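Enquirer: how would this look folded up:
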Amino acid sequence: MSIKMTEKTPILTGLRKLIQKNIYSFHALPVSSYGKSDIVNDIHEANFGGFEGSATGDLFDNFFFSKGLISESQKMTARLYNSDASFYITGGTSTANQIAISALYVKGQHILIDRNCHQSVHFHTQSIGAEVEYLYPDLQTAEGEISAWSYEHLENTLLSMQQNGKGCDVVILTAQSYEGIIYDIPQVLGRLLAAGVQTRKFFIDEAWGSLNYFSDDTRPLTALNVGSLLNDYPDLEIICTHSAHKSLFCSRQASIIHCRGKKELPDKIETARYRIHTTSPSYPILASLDAAQATMSMHGKALAAHSRVLVNKFISGVSGIKGLGEKAIYREIFKSYWHIHYDPTKVMINVVGLGKATEIKNLLCEENIYIKRFINDSLILNFHIGINNEAVTHLLSSLTDISEKLVIDSESEHEISDKFIIPYPPGVPLVFPGEPIDRKIKSKIQEYIKNGFLIIAA
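Expert: I've put the predicted structure just below:
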């Protein structure tokens with residue numbers, strides 16, 4: 001008996017239709033963005049979903065306390081990121097964060113949590129009954145949409161806790177925001193320790209930061225770049241988590257836990273993973289993590305450099321679009337603070353010259369360009385390693401078309417055209433100078449634009 005897929009499998013059918021749309025994603029999940037990479041072979045060729053089998057544990061390697069191929073791949077990843085040990089997680093970074101906290105926390109200890117941390121951090125610390133203090137951000141943009149903490153605020157909070165006899169045992173910080181803020185974690189930790197902060201256990205959420213390790217302009221800011229600190233403070237324990245699927249060519253829910261510090265720390269992480277992680281790990285996700293470490297080992301620096309090239313291409317292209325221009329690009333947030341930097345692969349673009357951000361986002365979606373986040377009048381673009389020249393060209397072309405449409409709309413407000421309005425192709429005027437522009441004409445113009453025609457007012 002055959003199954004009518006469209007009636008019986010709404011999720012499967014819907015996903016197939018979505019994939020067929022060939023969407024350029026300027027959000028995350030590089031492996032899902034349409035088009036071939038400009039740097040590596042076609043990453044869509046690997047069918048990770050085919051690497052599943054019920055006998056993998058006995059005949060392959062045990063996911064927990066692995067000694068074989070999984071262990072070998074994790075060691076390769078550890079060398080790539082300069083960590084003492086790295087562990088693959090197939091349940092997403094929410095699970096990875098729970099494991100990291102459980103590895104560091106001892107019942108009855110005090111935890112200081114960056115209030116901007118992911119919800120999984122807040123939920124888990126609440127569920128284990130930890131005594132928590134929150135680090136409230138003291139820096140905000142004018143609109144109040146983006147916030148951060150100053151170094152002085154962090155240091156004063158920790159020293160105050162110590163002076164009040166309520167010292168902090170574990171500090172949990174988010175190293176990078178979705179909007180592109182990157183904290184200089186090594187310098188922050190170094191100054192805290194030099195100032196007399198007694199905390200020795202730090203969990204750094206670097207969910208959006210995997211690519212930072214492959215470029216000279218961001219690697220010094222990363223949580224694992226603490227070799228000199230470990231020489232001075234050998235009792236340090238530092239764990240960071242990477243939402244690998246956000247930055248690398250791997251499947252959704254692919255995450256990594258890294259650590260540096262005391263020699264028993266990897267064992268504590270491995271035990272916590274055994275206690276928390278599902279006992280049915282996804283081998284397709286493991287395969288994608290293995291492929292991702294190999295890709296980044298061979299091409300990581302080139303991929304990171306190319307992302308920056310594409311950002312420059314975009315900024316250059318935007319400068320010539322009416323209603324936008326280079327002034328619309330905003331890439332410096334809290335720039336006067338030494339410990340705050342901005343991710344070169346993130347771009348905020350103010351589209352107020354074209355319209356409301358939500359409207360421009362929707363218009364771009366109609367052109368198969370996916371942008372997840374906007375703040376007030378600005379769209380946030382992530383130039384991850386899945387973005388290629390083709391995607392940037394299409395984005396610039398779509399923004400140009402939107403700009404041209406808005407020019408025509410503004411010309412049409414008077415109802416009588418003083419220009420030829422020409423859909424191209426074929427290049428035959430739809431409206432002549434002096435002719436009225438009624439609703440029917442406006443509807444035709446919209447239809448031409450939706451179908452990919454260039455509309456020229458000349």
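
Enquirer: Neighbours of the closest residue to residue 197 other than its chain neighbours, how many?
Expert: Nearest residue to residue 197, sequence neighbours excluded (CB to CB, 6 or more residues apart in numbering): residue 158, at 4.7 Å. The C-beta positions use only the backbone N, C-alpha and C, and glycine is treated the same way. Other residues within reach of residue 158, judged by other CB atoms under 10 Å, total 22.

Enquirer: swap in residue 13?
Expert: Using other CB under 10 Å, residue 13 has 14 neighbouring residues.

Enquirer: Look up how far residue 268 lies from the closest residue in space to residue 64 that isn't next to it in sequence.
Expert: Beyond its immediate neighbours in the sequence, the residue positioned closest to residue 64 (CB to CB, 6+ apart) is residue 274, lying 4.9 Å away. Using CB to CB, to the nearest Å, residue 274 is found at 11 Å from residue 268.

Enquirer: between the two, who's got more neighbours?
Expert: Neighbour comparison, residue 274 and residue 268: the larger count goes to residue 268, with 18 against 13 (by other CB under 10 Å).

Enquirer: And the longest helix anywhere in the chain, what does it pack against?
Expert: Scanning the chain for the longest helix, with DSSP state H as the assignment, gives helix 283-318. Packing contacts for helix 283-318, counted by 3 or more CB pairs under 8 Å, 6 or more residues apart in numbering; DSSP states H and E, involve helix 69-81, strand 85-89, strand 346-350, helix 389-411.

Enquirer: Can I get these in CSV including mean neighbour count?
Expert: As requested, the helices and strands packed on helix 283-318 are exported to CSV (neighbours: other CB atoms under 10 Å):
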stretch, mean neighbour count
helix 69-81, 18
strand 85-89, 26
strand 346-350, 22
helix 389-411, 18
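
Enquirer: and of those, who's closest to residue 162?
Expert: Using CB to CB as the criterion, the shortest distance between residue 162 and the helices and strands packed on helix 283-318 is 30.2 Å, found for strand 85-89.

Enquirer: just the strands in the stretch 101-250 of the chain please.
Expert: Assigned by DSSP state E, counting those that start in this stretch, the stretch 101-250 of the chain shows strands spanning 110-114, 131-135, 139-140, 147-148, 170-174, 181-183, 201-205, 237-242.

Enquirer: Pull the distance from stretch 361-368 to the chain's centre.
Expert: On the basis of CA atoms, centre = their mean, to the nearest Å, the separation between the geometric centre of stretch 361-368 and that of its chain is 20 Å.

Enquirer: So the chain: which segments form each domain?
Expert: 45-293, 415-458 (automatic domain parsing).

Enquirer: Of all those, which one is nearest residue 320?
Expert: domain 415-458 (15.6 Å).

Enquirer: so how far is the closest one off the chain centroid?
Expert: Domain 415-458 sits 40 Å away from the centroid of its parent chain (CA atoms, centre = their mean).

Enquirer: Rounded mean pLDDT for that domain, please.
Expert: Averaged across domain 415-458, the pLDDT comes to 76.

Enquirer: Also stretch 11-21?
Expert: Model confidence over stretch 11-21 averages 83 on the pLDDT scale.

Enquirer: can you check stretch 103-123 too?
Expert: According to the model, stretch 103-123 has a mean pLDDT of 94.

Enquirer: Only alpha carbons, please: show it as CSV.
Expert: These are the backbone C-alpha positions of stretch 103-123, laid out as CSV (Å, rounded to 0.1, in the frame of the first residue of the first chain):
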residue,chain,number,x,y,z
ALA,A,103,31.2,19.3,35.8
LEU,A,104,32.2,22.5,37.7
TYR,A,105,29.5,22.9,40.3
VAL,A,106,29.5,21.3,43.7
LYS,A,107,26.3,21.3,45.8
GLY,A,108,26.2,24.3,48.1
GLN,A,109,28.6,26.5,46.1
HIS,A,110,27.8,30.0,44.8
ILE,A,111,27.5,30.9,41.1
LEU,A,112,27.6,34.3,39.4
ILE,A,113,25.8,34.2,36.1
ASP,A,114,25.9,36.8,33.3
ARG,A,115,22.2,37.7,33.0
ASN,A,116,22.6,37.6,29.1
CYS,A,117,23.4,33.9,29.2
HIS,A,118,21.3,31.4,27.3
GLN,A,119,18.1,30.2,28.9
SER,A,120,19.6,26.7,29.4
VAL,A,121,22.1,28.1,31.9
HIS,A,122,19.3,29.7,33.9
PHE,A,123,17.0,26.7,33.8
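
Enquirer: For stretch 188-196, list the C-alpha coordinates in CSV.
Expert: Output in CSV follows, covering the C-alpha atoms of stretch 188-196 (Å, rounded to 0.1, in the frame of the first residue of the first chain):
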residue,chain,number,x,y,z
VAL,A,188,39.2,39.7,31.5
LEU,A,189,40.1,36.6,33.4
GLY,A,190,43.7,37.8,33.8
ARG,A,191,42.7,41.1,35.3
LEU,A,192,40.2,39.5,37.6
LEU,A,193,42.8,37.1,39.0
ALA,A,194,45.4,39.9,39.4
ALA,A,195,42.8,42.0,41.2
GLY,A,196,42.4,39.3,43.9
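
Enquirer: Residue 187 versus the closest residue to residue 155 other than its chain neighbours, what's the distance?
Expert: Across the structure, with CB to CB, 6+ apart as the measure, the residue nearest residue 155 apart from its sequence neighbours is residue 195 (5.5 Å). Counting by CB to CB, the gap between residue 195 and residue 187 amounts to 12 Å.

Enquirer: For these two, indicate the residue with more neighbours.
Expert: For the pair residue 195 and residue 187, the greater number of neighbours falls to residue 187 (16 against 12), based on other CB under 10 Å.

Enquirer: isn't residue 379 right up against residue 349?
Expert: Yes - counting by CB atoms under 8 Å, a contact exists between residue 379 and residue 349, whose distance comes to 5.4 Å.

Enquirer: What residues sit buried inside stretch 98-117?
Expert: Neighbour-count burial for stretch 98-117, with 16 or more other CB atoms under 10 Å as criterion, is recorded at 98-105, 110-114, 116-117.

Enquirer: Equivalent analysis for stretch 293-304, please.
Expert: Neighbour counts over stretch 293-304 (16+ other CB under 10 Å) mark 293, 295, 296, 299, 300, 303, 304 as buried.

Enquirer: Average pLDDT for stretch 317-332, rounded please.
Expert: For stretch 317-332, the mean pLDDT works out to 88.
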